[in-house]
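Asker: Sequence plus the predicted model coming up.
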Amino acid sequence: MKKDFLSVLDLTKEEIIETFKIAIDMKADRKKYAKALEGEALALIFEKPSLRTRTSFDIGIQQLGGYSLYLSPNEISLGKRESVHDVAKNLERMVQGIMIRTFGHNIVEDMAKYARIPIINGLTDYSHPCQAMADFLTIYEKRNGDLKGMKLVYVGDGNNVAHSLMDAGAKLGVNVTVNCPRGFEPNLIAYNDAVEAAKATGAKIEVVHCPKEAVKNADVVYTDVWASMGQEEEAAARKKIFMQYQVNDDLMAIANKDAYFMHCLPAHRGDEVTDSVIDSPQSIVFDEAENRLHVQKAIMYQLMKK
């Protein structure tokens, strides 16, 4: 693995599978890695709040023998109170790794450019690679490592989660369909990058607009909130546009009978997904959430071990 983890596209298929295997081993025997990063410190920079990201990285580094330092927006105010360059140069002298959850993707890229220690992308408006790694680890476990020929359909806004799911599918040879209203497609650069990466594995990456057509033959149906952080003022208008993209029993019935339902959480029940779907036996949303912990431990271990 490279010095930093900014995008799933940074990894080869073999590196992704190796990360999954380490994560599964850590999950099976936590004590085996209890001193793997003994004494190592991870700075947690949060420009955006999160239950799963905060908990999984904080607990994860401690389970590896290290410890974390939480840095809130008020303490840093990146690019305002202090430049990204200066934050990076200060922290590299005091900690052994940085996880950053922020807005602009350029902030994460600049942090990696300036810091001599590993940088982990905890989320930007452009991508969410740790989530995609946890998602595909979950699928990898459920299907006993067999990802060949499977189809994942993402239903909703073509956002950062959609971008990273396309990236992971492209690298692993999984067909990914993004199903969204017109005008809410994934970023064109993100789409083109995934299509290019998919050439090596034969995966099909596509964007379509009809939910019922999209989920035919789907092995996984995935959704996310319709208005992400920073888009709260658009929530009411988006709800009118996206309501026909709700994942409900009728839509799941069109997918394969054994299809899984996935959601990165938090979920707005009654909007993008109904209670009957998210609480059904097909739902593996809490397996995904747990796997954030295990896959991020594997990423930290590979980046920060001496």
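Answerer: That came through, no problem. Numbers count the residues shown, from 1 in each chain.
Asker: residue ranges for the helices of this protein, please.
Answerer: With DSSP state H as the criterion, the chain has helices at 13-28, 51-63, 73-76, 84-91, 105-114, 129-142, 160-172, 188-198, 211-214, 235-242, 249-252, 275-278, 285-304.
Asker: Most tightly packed of those helices?
Answerer: helix 160-172 (a mean of 28; mean count of other CB atoms under 10 Å). For the C-beta atoms, the positions are set from N, CA and C on the backbone; glycine is no exception.
Asker: quick revisit: can you tell me which of the helices of the chain has the worst average pLDDT?
Answerer: When these are compared on mean pLDDT, helix 73-76 scores lowest, with a mean of 83.
Asker: Not counting sequence-adjacent ones, nearest residue to the residue most central in space within the chain?
Answerer: Nearest to the geometric centre of the chain sits Gln131, at 1.9 Å (CA atoms, centre = their mean). Leaving out its chain neighbours, the residue that sits closest to Gln131 by CB to CB, 6 or more residues apart in numbering is Cys264, at 5.1 Å.
Asker: and what of Phe136?
Answerer: Ala168 (4.9 Å).
Asker: if I read this right, that neighbour contacts Ala132, doesn't it?
Answerer: Yes. Counting by CB atoms under 8 Å, Ala168 touches Ala132, with 4.3 Å between them.
Asker: okay, and the common contacts of these two?
Answerer: Val8 (CB atoms under 8 Å, 6 or more residues apart in numbering).
Asker: Apart from its neighbours in sequence, what residue is nearest Leu303?
Answerer: Per CB to CB, 6+ apart, closest to Leu303 is Pro118, 3.9 Å.
Asker: pLDDT score for Met229?
Answerer: For Met229, pLDDT reads 68.
Asker: Likewise for the one 3 residues further on?
Answerer: What the model reports as pLDDT for Glu232 is 77.
Asker: ok, now how distant is it from Tyr126?
Answerer: Going from Glu232 to Tyr126 by CB to CB, to the nearest Å gives 19 Å.
Asker: Can you check what pLDDT the model gives Met1?
Answerer: 69.
Asker: so how far is the first residue of stretch 177-190 from its last?
Answerer: 14 Å (CA to CA, to the nearest Å).
Asker: Offset the numbering so it begins at 45, please.
Answerer: Taking 45 as the first residue, the last one we looked at is stretch 221-234.
Asker: Going by neighbour count, list what's buried in it.
Answerer: 221-225, 228-231, 234 (16 or more other CB atoms under 10 Å).
Asker: OK, contacts around Lys92?
Answerer: So Lys92 contacts 145-147, 167, 273 (CB under 8 Å, 6+ apart).
Asker: Pick out the most distant pair among the buried residues of stretch 221-234.
Answerer: Farthest-apart pair in these is Pro225 and Ala234; separation 17.4 Å (CB to CB).
Asker: I'd like the distance between Arg137 and Val239.
Answerer: Per CB to CB, Arg137 is found 41 Å from Val239.
Asker: Between Glu276 and Tyr170, which is the more surrounded one?
Answerer: Remark: of Glu276 and Tyr170, Tyr170 carries more neighbours, 20 against 9, as counted by other CB atoms under 10 Å.
Asker: Show the backbone phi and psi for that one.
Answerer: phi -100, psi -30 (degrees, to the nearest 10).
Asker: surely it meets Asp237?
Answerer: No. Using CB under 8 Å, Tyr170 makes no contact with Asp237, being 10.8 Å away.
Asker: His129 reaches Tyr158, doesn't it?
Answerer: Yes. Between His129 and Tyr158 there is a contact under CB under 8 Å: 4.9 Å.
Asker: returning to what we had before: give me the local confidence score for the residue nearest to Gln175.
Answerer: 98.
Asker: For it, list the residues it contacts.
Answerer: Counted by CB under 8 Å, 6+ apart, Cys308 has contacts 172, 175, 179, 205, 268, 332.
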